[in-house]
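Visitor: sequence and predicted structure, then a few things I'm wondering about:
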Amino acid sequence: MLAASDQTGSEKQTDKERRMTDLPDKQIKRLRSLIQDAETNLAAAKELLISLVGEESITRAANTEDVAGKVIEGVFDGQTMIGPDGKSYPVPANYASKSKLVEGDILKLTIADDGGFIYKQIGPVARKQIIGTLLQRDGTHYVEAGGREYRVLLASVTYFKAKLGDQISIIVPEDNREAEWAAIEASL
């Protein structure tokens, strides 16, 4: 009986040892899973941030902190930024296209001491996406969607290699039914 009892104690010890050796493996697997989830979430967050403000503005935002100069906030009108004094400031078309700026977005312009302009989107307006058809009239590109025509930047048309008649996904301000401009999301 003693031998049977020792064997049972031995078996219990073996089970306990197995659980102890399994425990670090389970912890390691769990940690790997958590790290993978964190990396996936970080990549998704970065992608979302880029879709909202554009990769160029993220780089510029990092560099803006160190730039001395005059700071002006204004509203994007589809092509330019209108400052609080009513003055119009040129927004590079490639920046507006890549950042997918829409009418009403709030921008911050830093005019560096060397005269350089650095834009940062600081207040995106509520947006909605709609699908329309790319048109051109008098050298200006439009997307006809929902019975309306929205102007789009040539830089966006060329960036997406869109052709007249293509179906285009555009972004428009959700709360501005009078908006004349849209940002191109994609050529379908």
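Guide: Cool, the structure landed.
Visitor: use CA for all of it now, contacts and neighbours both
Guide: OK.
Visitor: report the buried residues of stretch 97-115.
Guide: The neighbour-count criterion (16 or more other CA atoms under 10 Å) identifies 97-111 as the buried residues of stretch 97-115.
Visitor: now Asp105: phi and psi?
Guide: Backbone dihedrals for Asp105, given as degrees, to the nearest 10, come out at phi -60, psi 140.
Visitor: okay, now the residue lying closest to it once chain neighbours are set aside: neighbour count?
Guide: Across the structure, with CA to CA, 6 or more residues apart in numbering as the measure, the residue nearest Asp105 apart from its sequence neighbours is Pro124 (4.6 Å). Neighbouring residues of Pro124 were enumerated by other CA atoms under 10 Å; the total is 19.
Visitor: got the contact list for Pro124?
Guide: Under the criterion of CA atoms under 8 Å, 6 or more residues apart in numbering, the neighbours of Pro124 are 52, 101, 104-106.
Visitor: ramachandran angles for it?
Guide: Taking degrees, to the nearest 10 as the convention, Pro124 sits at phi -70, psi 140.
Visitor: so who does the nearest residue to Lys100 once chain neighbours are set aside touch?
Guide: Distance criterion CA to CA, 6+ apart; nearest residue to Lys100, sequence neighbours excluded, is Ala183 at 5.2 Å. Neighbour list for Ala183: 97, 100-102, 152-153, 156, 170-172 [criterion: CA under 8 Å, 6+ apart].
Visitor: tabulate those residues (CSV), appending secondary structure and pLDDT.
Guide: Shown next, in CSV, are the contacts of Ala183 (DSSP: H, G, I helix; E, B strand; the rest coil; pLDDT from 0 to 100):
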residue, secondary structure, pLDDT
Ser97, helix, 91
Lys100, coil, 94
Leu101, coil, 96
Val102, coil, 95
Val152, coil, 96
Leu153, coil, 95
Ser156, helix, 93
Ile170, strand, 97
Ile171, strand, 96
Val172, strand, 96
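Visitor: coming back round to it: which among the buried residues of stretch 97-115 gets closest to Lys128?
Guide: Each of the buried residues of stretch 97-115 was scored against Lys128 by CA to CA, and Val102 proved nearest at 10.4 Å.
Visitor: need the contact list for that closest one.
Guide: 76-78, 125, 171-173, 181-183.
Visitor: check Gly165 too.
Guide: With contact set as CA under 8 Å, 6+ apart, Gly165 has these partners: 133-135.
Visitor: using JSON lines, lay out those residues together with secondary structure.
Guide: Conversion of the contacts of Gly165 to JSON lines gives the following (DSSP: H, G, I helix; E, B strand; the rest coil):
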{"residue": "Thr133", "secondary structure": "strand"}
{"residue": "Leu134", "secondary structure": "strand"}
{"residue": "Leu135", "secondary structure": "strand"}
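Visitor: who wins on neighbours among the residues you listed?
Guide: Per-residue neighbour counts (other CA under 10 Å) across the contacts of Gly165 peak at Leu134, which has 24 neighbours.
Visitor: right, I'll leave it there.
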